[in-house]
Structures are given as structure tokens and as C-alpha cells.
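K.L.:
give me a model of this one.
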Amino acid sequence: MRSTRPNVLLILNDDMGYSDIGCYGGEIETPHLDRLAAGGLRFSQFYNTARCSPSRASLLTGLHPHQTGIGILTYDSGPEGYAGNLNQRCATIAEVLKPAGYRSYLSGKWHVSSNLVEPTDSWPMQRGFDDFFGTIIGAGSFYDPNTLTRRNQNAEHEARAPGFFYTDAISDEAVKFLRQHRDAHADKPFFQYVAYTAPHWPLHAHPEDIAKYKGRFDAGWDQLREQRLARLVASGILDAQWQLTARDPRQPPWTEAEHKAWLANCMEVYAAQIDRMDQGIGRILAALQDMGQLDDTLVIFLSDNGACAEDIPEGVTVDELVSKLMIARSHTRDGAVVRFGNTPDIAPGPEDTYQSYGQAWANLSNTPFRLYKHWTHEGGISTPLIFHWPAGIAQRGEVRHTPGYLPDIMATIVEVAQAAYPEQLGERDILPLEGHSLAGAFAADAPERPPMFWEHEGNAAMRDGRWKLVREYPKAWELYDMQADRTELHDLAAQQPERVARMAGQYQAWAQRAGVLPRDQVLALMRSQGVTQAFWEEE
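P.N.:
Numbering: from 1, shown residues only. Below you'll find the model as predicted:
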């Protein structure tokens, strides 16, 4: 007889904005995510940690990124908290759930290990997972991804199979893991972590998915931002008093934009990436339904950071992308040369292209907020969050305004799984859990929670109740009333210097405890060690 502990299906996607999916106001067709939202809960004020690797480290461990060794990315950028490698002072969700009788599976992106080609104690199979298929690196071709791995063995040859596409492979492997679990371990609950790379660049998608969105974005980013905000307000996710931020001043009005057809095509391919992911989520949910386990599974969906405004390439050579960073291929599987760069003479989507969708569309994706991935303003850290668990959450289709952030996911899973967060694992001393369980918000919005803190590349923030202190490095602190002005349009720092000083003191105390170093010190250490910043780490 199986334990009464619920299964857990954790779905994370990559570089998607707050308002892209249908149930968060977007134009992209996501019927399966929308069904989860209609049958569960949407959280309106949940936050990630602004960047791929740090978010994954925090999500998996319930700690702050710097405490896990992933202060920036999976490259050595200085001292211990910036080593770029999941350290031994943290425990993953898989490691925490194992003593509670769970088996754990991972399909998709890992991106918390500095060694990309040889198994180490920071690889999935060494951190509690019973099976793994995916990539160790953080980005790459969807047709032929680097570092594709099965358990501890390189599996890049599997991408040579006819019709291989990484988003589909992630979904299909998740289904295989679930069915293997049913056949061999039906007496145990499972933790299935599905980590998509969609819609991270490059813009790769199936022609039939792209065709579905032909003309969908022709109205342009200005009009679509207004429409998205209206839908977010109508659905009860956002407050009507929160005003839309101005278009990014570095981008033209849509009416003045050049190459509109190509620009719209970029957004169509981006949408197709998310659409294909949602199709795969549908297959995973169908497998759970066939197993009779959907009602007893806590399904969690979220994104790892705000939308990405990077252009490809940006201050880096193709050789560096291919050989050093290992996030691209120079040639397709058929031997054609891959064409890099956001240029209107290259239509995105096929294997021989490598592009991103650009700043103006990222601004749309983060509607109604400003700034992007990397920054700790709302556009960089706000994510959709869906909880679906018919056996454990009675409410259907409701919105929760309780604030939360990534360390809370571990705390929530530990509570619902009736597991124990450890002080030690074997010989390893484990840092105390930083998260605050959201299970208390399942039935109704919970009272205010403990303060939340962020730092990435000097961009920093803390939120205490309705107040948010935030800084865009190297600028001064800004202060916002999240109850009256969540879109961060009215900086109150000059009017409330005492509150700024008090909150800045709280932030500094946290930063010291969590191992956060001043950005200037990190940059000096990198220079002294001869470390060259990757193009996405530039100020």
C-alpha cells in the first residue's frame, strides 16, 4: 500500500515573463497550464531570484543562492559563495525527501554544477535523484544540445534520433520516469522535477507551432502591454490602481519600429516555444491521470527569472559560444553553418539559427513591470506561480496575494510531504532552511510573512510587508509601497530616509549572514584572478 504522502511534480521554465501564459494575461495558448490554474491557485506576488543558476540553486535547496555556492552562475567568480558549484552545505529537495520514502526524478536543465562534462558531487545523481535525463549546461540548441546526459553518462548521441527536439524530450522523459515509477515503485510517492529550457534563447521552434501565432503580435508591444494589463486586472491578479510602466526608453514605439514583420516573427517563435512546452505538460498530466495519481500530486509551476532582454551574440565570438561557454553548436547535425545574431535577414526558428527575441518583447513579457532578468525590480524577479493539488487544496481557480519567494518552495514541499529538513546529511552539516511554507495560504491569503531578500550582481532588494527597498547597481536605494505602487513608479526614498536606513540595515545584516559580497569586491576578485566575464554578466 502506498504512503499517504502526496507526490510532487515541480515544473520550472526558463526566462519567461510574468504575463506570457494565458492564465496570467498573455496571448500564448497554454490550455494545460490554464487548466491547472482553474483547478488550483495562482499566486500574484511570488518571486524568483533574477537569474537561471541562482534561482535553480535556491529552488532546489530552500536557501539563498550565495549560501549554496551559486552567487552568480556556474563559473568561478570569486570566493566560496561564488564558486559556481552546488556545495555540500545544502540539501536538495530530492535529498530531503529520500528519508521520507520518496523516489526522485529529474528531466531537463540542471545548471548548478561548474563541471559540465564529468560527474561530480554537484550532479543530479549525486544529489538525491534516482534518475536523470537532461543538460548540465544552462542553454543551447533545442535540436542538438550540449552536455545532454543520461544519469552520469553523456547522451548527446540521442539528439541524432529523427525528430529530436529538447522540449519534447524533456516532456517525454518525464512521462517515462512516471511510468517506470508506477511499474517498479508504486508503493512509494515520487518527486518529479521537470526543468524546461523553453523559452530561453535561441529561438528554436516547430514550423507548425510558429504558424499558429502568425499575426498574433502584429498590434505591437505598446498596444499588447495595455491589453495584458487589462486582463491581469480583470482576472484579479493585479490591482487596478497599479499603473503600467512606460515602454523601455531604449525602444521605439511600435509605430516607428523598423522590420516589423521580422520583429513579430521573433515573438511568434518565442510564443511557439512556450506552446510546445505546454503541450508536453499536457502529456505529463495525462500520464498522471492514467496512473490515477493526478489528484494526489501537488503540481507546482513557475519561471526562473523575468523575461530576458539580451541580444545574441553580444560582445562574444562564435568560438567562445561554442567552445568556451558550450551554449551553442557551430554547425547543425546535417553540417550546415549556424547563423548567429539578431538580424532581420534571418528568420528565427530553424536549427541553423541562433537568435533572441529582444528587449522590446521582453518588456511586453514582463507587463506591467520594468526591467528584466538580472535585476531585482519587479520585472526581473516576478513569476507566475500555480499550485494544483485536488486532494489537498479545496479551492479552485482562486488568486492568492500572499507574497513568497523561491526558498519557500522547499519549505512548502517539506510540510506537505511530512518530511524533515535535516541538520546533517551523513558527514555534511546542512545550513538551516531559509524558506517559509506557503501551505498556510492554500485555504486563504496568509498573514504577512518574514522579510524577503535578493542580490544578484550588485542588484539588490528586500521586501518587508508592503515596503520594498531595491537598488539597480551601482545606483542608490529606491523605496516603493507595494500596496499602492507595485509597478515601482513612485520612489519614496527621499521622503522616508529613516525607513530606507532601517531597511538597508536589515539588508546588510542578511547579506553578511548569507555570504553576499559587495559587487565591487567581486569584480576586483575576478580581475585579480584573470576571470573574463561572460557576455551575459556585463554591467
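K.L.:
does A264 touch A219 like I think?
P.N.:
No. With contact defined as Cβ atoms under 8 Å, A264 does not reach A219; the gap is 9.3 Å. Quick note: C-beta positions are derived from backbone N, CA and C, even for glycine.
K.L.:
more neighbours: the two, which one.
P.N.:
For A264 versus A219, neighbours defined as other Cβ atoms under 10 Å are more numerous around A264 (22 against 14).
K.L.:
the strands in the stretch 201-350 of the chain, which residues?
P.N.:
297-303, 339-340 (DSSP state E, counting those that start in this stretch).
K.L.:
among those strands, show me which one is buried the most.
P.N.:
Scoring the strands of the stretch 201-350 of the chain by mean neighbour count under mean count of other Cβ atoms under 10 Å gives strand 297-303 as the most buried, with a mean of 24.
K.L.:
mind giving me the packing neighbours of that one?
P.N.:
Contacts defined by 3 or more Cβ pairs under 8 Å, 6 or more residues apart in numbering; DSSP states H and E place strand 297-303 against strand 7-13, helix 31-38, helix 260-291, strand 382-388, helix 407-416.
K.L.:
so what strands line up beside that strand?
P.N.:
strand 7-13 (parallel), strand 382-388 (antiparallel) (DSSP bridges).
K.L.:
which parts of the last one are buried?
P.N.:
Spelled out, that is strand 382-388. 382-388 (16 or more other Cβ atoms under 10 Å).
K.L.:
a markdown table please, covering the residues you listed and showing pLDDT.
P.N.:
Output for these, formatted as a markdown table (pLDDT from 0 to 100):
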| residue | pLDDT |
| --- | --- |
| S382 | 98 |
| T383 | 98 |
| P384 | 98 |
| L385 | 98 |
| I386 | 98 |
| F387 | 98 |
| H388 | 98 |
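K.L.:
closest to I21 out of those?
P.N.:
Using Cβ to Cβ, P384 comes nearest to I21 of those, at 6.2 Å.
K.L.:
wait, that closest one touches G22, no?
P.N.:
No. Judged on Cβ under 8 Å, P384 makes no contact with G22 at a distance of 10.4 Å.
K.L.:
per-residue confidence for the residue nearest to S365 when sequence neighbours are not counted?
P.N.:
Distance criterion Cβ to Cβ, 6 or more residues apart in numbering; nearest residue to S365, sequence neighbours excluded, is G17 at 2.6 Å. pLDDT for G17: 97.
K.L.:
does G17 touch A309 like I think?
P.N.:
No. Assessed by Cβ under 8 Å, G17 is found out of contact with A309, at 10.2 Å.
K.L.:
Three-state assignment for L59, please.
P.N.:
helix (DSSP: H, G, I helix; E, B strand; the rest coil).
K.L.:
does it touch D408 like I think?
P.N.:
No. If you go by Cβ under 8 Å, L59 and D408 don't touch, sitting 9.7 Å apart.
K.L.:
tell me the contacts of the most centrally placed residue in the chain?
P.N.:
When Cα atoms, centre = their mean is applied to the chain, the residue found nearest the centroid is D304 (1.1 Å). Neighbour list for D304: 12-15, 48, 51-52, 55-56, 59, 383 [criterion: Cβ atoms under 8 Å, 6 or more residues apart in numbering].
K.L.:
one more time with 7 Å, if that's ok
P.N.:
Residues in contact with D304, defined by Cβ atoms under 7 Å, 6 or more residues apart in numbering, are 12, 14, 48, 52, 55-56.
K.L.:
determine which two of those are furthest apart.
P.N.:
D14 and N48 (10.8 Å).
K.L.:
what is the neighbour count of the closest residue in space to S382 that isn't next to it in sequence?
P.N.:
The spatially closest residue to S382, leaving aside those adjacent along the chain, is Y18, at 4.5 Å (Cβ to Cβ, 6+ apart). By other Cβ under 10 Å, 28 other residues sit near Y18.
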